[in-house]
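Visitor: Requesting a structural model of the entry that follows:
(one chain, ligands or ions: 1)
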Amino acid sequence: MCGIVGYIGKKQAAPILFRGLRRLEYRGYDSAGVAVMSLEHDSTRAHEHESTREREHVIKRVRAVGKIDELGKSLDKVELFGTVGIAHTRWATHGGVTEENTHPHIAMDGKLALVHNGIIENYRELRERLPAEVVLTSETDSEVLAHLIATYYEGDLRIAVEKALACVRGTYGIVVMHQDHPNLLVVARMGSPLVVGMGEGEYYIASDATPMLAYTKKCIFLDDGEVAEITPDSLDTYNLKDESVIKCVEEIDWDEAQAQKAGYENFMLKEIHDQPLVFQDAIRGRYNLSEGTSYLGGLNMTAEEMRRINRIVFIACGTASYATMIGKYAMERLAGIPVEVDVASEFRYRDPIIDENTLVFAVSQSGETADTLAALREAKRKGAFVRGIVNSVGSTIARETEGGSYIHAGPELAVASTKAYTNMVAIMLLYALQFGRLKRITLATGERLLNALDEIPEKMKQILSLSDQIKEIALKYKDYHDFLFLGRGINFPVALEGSHKLKEISYIHSEAYPAGEMKHGVNALLSPTCPVFAIMTKNQLYDKMCSNIEEVKARKSPVIALANIGDERVKELADDVIYIPKTMELLEPLLNTLPLQLFAYHTAVALGRDVDRPRNLAKSVTVE
Ligand code: M6R
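Guide: Residues are numbered from 1 along each chain as shown. The predicted structure is shown next:
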């Protein structure tokens with residue numbers, strides 16, 4: 001939540017910062033701002049001729065409420081020249097969505113500027129420590145931090161930052177600049193991500209690596225409690241005890257092209273269509289057909305340790321948590337290991353039963369979700385094996401787990417997760433196979449699963465070609481106010497995900513239930529004004545699902561069915577049918593989710609929603 005960008009080097013900073021903000025807009029889009037160190041003529045000597053007047057550095061700031069485009073319009077009206085600058089896109093936490101609350105915040109009459117991602121929990125207490133003459137212009141915790149740094153400033157910006165941060169309770173990723181040090185940025189991190197990209201005589205700073213992909217692939221990831229002093233030619237990192245820290249330079253294997261719309265109207269549609277390709281990236285080189293098994297080396301466990309595992313816990317939030325419910329089915333069926341799925345925000349506040357024979361997977365696209373991170377730390381404290389299934393390279397969850405796998409979905413920028421979900425499912429299937437082959441399933445079963453996995457990309461392409469048909473169905477149903485998504489077995493989590501997608505981007509109320517539960521209460525909702533989306537592909541629960549939908553039909557709810565090609569029976573039950581290719585039951589979510597993504601997408605577009613940036617949400621939920 002909230003994205004920060006910084007640049008220091010030889011190029012004009014403003015265009016780089018603005019472009020960076022566009023890449024980070026998924027982290028928040030309530031308001032945005034930029035500040036650049038600009039060289040101006042001394043205004044107090046305006047009477048002198050321009051050529052003789054001295055020039056001085058001043059911080060110039062532009063802010064705008066609304067999405068990044070609004071900032072773009074404001075930037076078009078001013079000249080913002082300078083090669084050092086900072087920028088921020090905000091998801092409001094403290095204080096309303098106003099220009100005053102928009103970052104960068106300034107202190108010392110505009111001499112110091114700061115952007116901040118995170119929450120300063122004790123900002124009220126810190127406010128009391130500020131000199132009486134300080135007048136706060138916003139309601140934010142971040143502005144208090146800017147003034148606190150200014151209060152400690154005695155000529156050394158990094159020392160002032162360190163002194164101020166020593167008083168702070170909470171989380172932060174910050175970038176600070178000061179007029180007296182025109183070629184310096186000071187950055188610091190505690191709980192909110194910060195990446196520094198390294199160019200030739202220039203550095204890029206951002207909340208994640210996507211803004212810098214166009215310029216460099218070499219990055220360092222700051223760890224909690226680190227502060228760095230950055231000039232165009234140097235980067236020096238310290239811990240909060242002011243000791244020097246040596247950082248490793250890491251290489252990001254994402255491409256700038258992956259972070260673009262590639263001709264699609266928006267990121268969500270592009271990312272839905274990315275799925276056949278990125279699914280291959282997820283599984284490539286990670287299995288061996290002749291041995292009927294998978295090898296995810298990052299697990300970092302010996303065969304003996306794997307055999308010892310008698311319980312697996314998946315922790316995740318939102319869409320990632322629905323993906324883990326599929327992981328549970330796969331792991332229990334293939335490996336016979338009991339699996340618990342826990343929403344991270346609940347896991348961290350109960351007393352989970354975990355020991356050294358428990359394997360905990362933290363599953364996250366961003367790798368920064370605050371609740372998932374806190375839950376994995378709790379599991380580590382309790383002595384479990386903790387591994388990550390993560391998309392964002394170098395993210396906090398990836399760094400804090402003792403192994404795991406990247407899902408290789410590439411940058412996912414639409415707030416609604418699509419391709420990351422699919423690749424999470426793919427990776428969990430591979431883990432289930434790896435454990436399964438070690439524990440109980442035969443070579444033949446392993447081979448069958450891998451062969452079926454190989455066919456998935458082609459089948460995904462077939463499904464994506466149904467986009468126009470799904471659009472027509474979406475147009476027919478777009479004005480309903482309530483939806484039910486029903487599935488059974490492995491398709492119940494698919495129903496949950498379909499329902500989540502629809503409400504998230506179209507704002508239509510919808511719920512998902514295991515179809516067998518309907519009689520226990522939810523049948524009361526059935527009526528001609530409450531359509532039902534039934535996931536009824538042909539698996540072991542197909543007949544039961546048909547009976548459930550008969551009951552829905554009898555209560556006159558319109559039915560949209562997702563069925564396998566060739567299924568004639570379903571036509572009698574449903575008003576509209578989407579036919580898709582068949583696959584093995586365990587792999588069905590890899591296909592069945594795609595039509596639901598398209599249905600949500602077309603409904604949202606038809607209703608005029610901003611699908612990439614739905615209201616009140618941000619992609620990366622870095623606060624509790
Ligand atoms: O980055 P994560 O996978 O940890 O994010 C978890 C959820 O916040 C996320 O899946 C959210 O529900 C998405 N907006 C769903 O589309």
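
Visitor: Let me know the pLDDT of the closest residue to the ligand within the stretch 251-400 of the chain.
Guide: Closest contact between the stretch 251-400 of the chain and the ligand, by Cβ to the nearest ligand atom, is at Gly318 (2.0 Å). (C-beta placed from N, C-alpha, C; glycine too.) With respect to pLDDT, Gly318 scores 97.

Visitor: for it, what are its contacts?
Guide: 417, 500, 621 (Cβ atoms under 8 Å, 6 or more residues apart in numbering).

Visitor: The last one is in contact with Leu373, isn't it?
Guide: Right, Val621. No. Using Cβ atoms under 8 Å, Val621 is not in contact with Leu373, being 10.3 Å away.

Visitor: More neighbours: which of those two?
Guide: Neighbours were counted for Val621 and for Leu373 using other Cβ atoms under 10 Å; Leu373 has more, 24 against 20.

Visitor: Report how many residues lie close to Leu194.
Guide: 26.

Visitor: Same check on His57?
Guide: 18.

Visitor: likewise the one 10 residues further on?
Guide: Here the neighbour count serves as a burial measure; for Lys67 (other Cβ under 10 Å) it reads 18.

Visitor: Can you give me the distance of it to the ligand?
Guide: Here the criterion is Cβ to the nearest ligand atom, to the nearest Å. By it, Lys67 lies 17 Å from the ligand.

Visitor: Phi and psi next, for that residue.
Guide: Here is the backbone geometry of Lys67 (degrees, to the nearest 10): phi -70, psi 170.

Visitor: Does the closest residue to it other than its chain neighbours lie in a helix or a strand, and which?
Guide: Spatially, and ignoring its direct neighbours in sequence, Lys67 is nearest to Tyr29 (4.8 Å; Cβ to Cβ, 6 or more residues apart in numbering). Tyr29 is part of no helix or strand when elements are defined by DSSP states H and E.

Visitor: didn't Tyr29 look like it was pressed against Val97?
Guide: No. Using Cβ under 8 Å, Tyr29 is not in contact with Val97; the gap is 10.0 Å.

Visitor: about what we covered before: what about the residue nearest to Lys67, how many residues nearby?
Guide: Other residues near Tyr29 come to 27 when the count uses other Cβ under 10 Å.

Visitor: Tell me the confidence at it?
Guide: 84.

Visitor: tell me the contacts of it?
Guide: Here Tyr29 is in contact with 66-68, 89, 91, 613, 618 (criterion: Cβ under 8 Å, 6+ apart).

Visitor: filter those residues to the buried ones?
Guide: Neighbour-count burial (16 or more other Cβ atoms under 10 Å) applied to these gives 67-68, 89, 91, 613, 618.

Visitor: Kindly reformat the residues you listed as TSV containing secondary structure and pLDDT.
Guide: Listed next are these as TSV, based on DSSP: H, G, I helix; E, B strand; the rest coil; pLDDT from 0 to 100:
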residue	secondary structure	pLDDT
Lys67	coil	89
Ile68	helix	92
Thr89	strand	94
Trp91	coil	86
Arg613	coil	91
Ala618	coil	84
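
Visitor: Looking at the residues you listed, spot the one nearest the ligand.
Guide: Lowest distance from the ligand to those (Cβ to the nearest ligand atom) belongs to Ala618, with 8.5 Å.

Visitor: mind listing what the closest one touches?
Guide: Here Ala618 is in contact with 1-2, 26-29, 91, 415 (Cβ under 8 Å, 6+ apart).

Visitor: overlap between these and the residues near the ligand?
Guide: Contacts with the ligand within the contacts of Ala618, counted by Cβ under 6 Å from any ligand atom: Val415.

Visitor: Quick check: the two most widely separated of the contacts of Ala618?
Guide: By the measure Cβ to Cβ, Cys2 and Val415 form the most distant pair in these, at 14.1 Å.

Visitor: still on that earlier bit, which one of the contacts of Tyr29 is nearest to Ile283?
Guide: Ala618 (29.9 Å).

Visitor: that's a strand at Tyr513, yeah?
Guide: Yes. The assignment for Tyr513 (DSSP: H, G, I helix; E, B strand; the rest coil) places it in a strand.

Visitor: Give the burial count for the closest residue to it other than its chain neighbours, as a bare number.
Guide: Among residues not flanking Tyr513 along the chain, Val522 sits closest, at 5.3 Å (Cβ to Cβ, 6+ apart). A total of 16 residues lie near Val522 under the criterion other Cβ under 10 Å.

Visitor: residue contacts, Val522?
Guide: For Val522, counting by Cβ under 8 Å, 6+ apart, the contacting residues are 484, 511, 513.

Visitor: got the contact list for the residue sitting nearest the centre point of the chain?
Guide: Against the mean C-alpha coordinate of the chain, by Cα atoms, centre = their mean, the closest residue is Ser366 at 3.5 Å. Shown in contact with Ser366 (Cβ under 8 Å, 6+ apart): 208, 391-392, 395, 619-621.

Visitor: could you pick out which of these are near the ligand?
Guide: Restricting the contacts of Ser366 to those within reach of the ligand (Cβ under 6 Å from any ligand atom) leaves 620-621.

Visitor: Can you name the residues of the stretch 201-350 of the chain that neighbour the ligand?
Guide: By the rule Cβ under 6 Å from any ligand atom, the part of the stretch 201-350 of the chain lying against the ligand is 317-320.

Visitor: If we use 8 Å, what do you get?
Guide: Contacts of the stretch 201-350 of the chain with the ligand, taken as Cβ under 8 Å from any ligand atom, map to 316-321.

Visitor: Just to be sure, which of those residues are found in strands?
Guide: Those of those mapping onto strands are Ala316, per DSSP state E.

Visitor: Most neighbours among the residues of the stretch 201-350 of the chain next to the ligand, which one?
Guide: The most crowded member of these, judged by other Cβ under 10 Å, is Ala316 (28 neighbours).

Visitor: Report the beta-bridge partners for that one.
Guide: Listed by DSSP bridges, the beta-bridge partners for Ala316 are Val343.

Visitor: Test my guess that it contacts Ala362.
Guide: Yes. Using Cβ under 8 Å, Ala316 is in contact with Ala362, at 7.2 Å.

Visitor: Quickly list what's touching both of these two.
Guide: With contacts taken as Cβ under 8 Å, 6+ apart, Ala316 and Ala362 have 344, 372 as neighbours in common.

Visitor: in the stretch 1-150 of the chain, what residue is nearest the ligand?
Guide: When scored by Cβ to the nearest ligand atom, the stretch 1-150 of the chain has Tyr26 as its residue closest to the ligand, at 9.4 Å.
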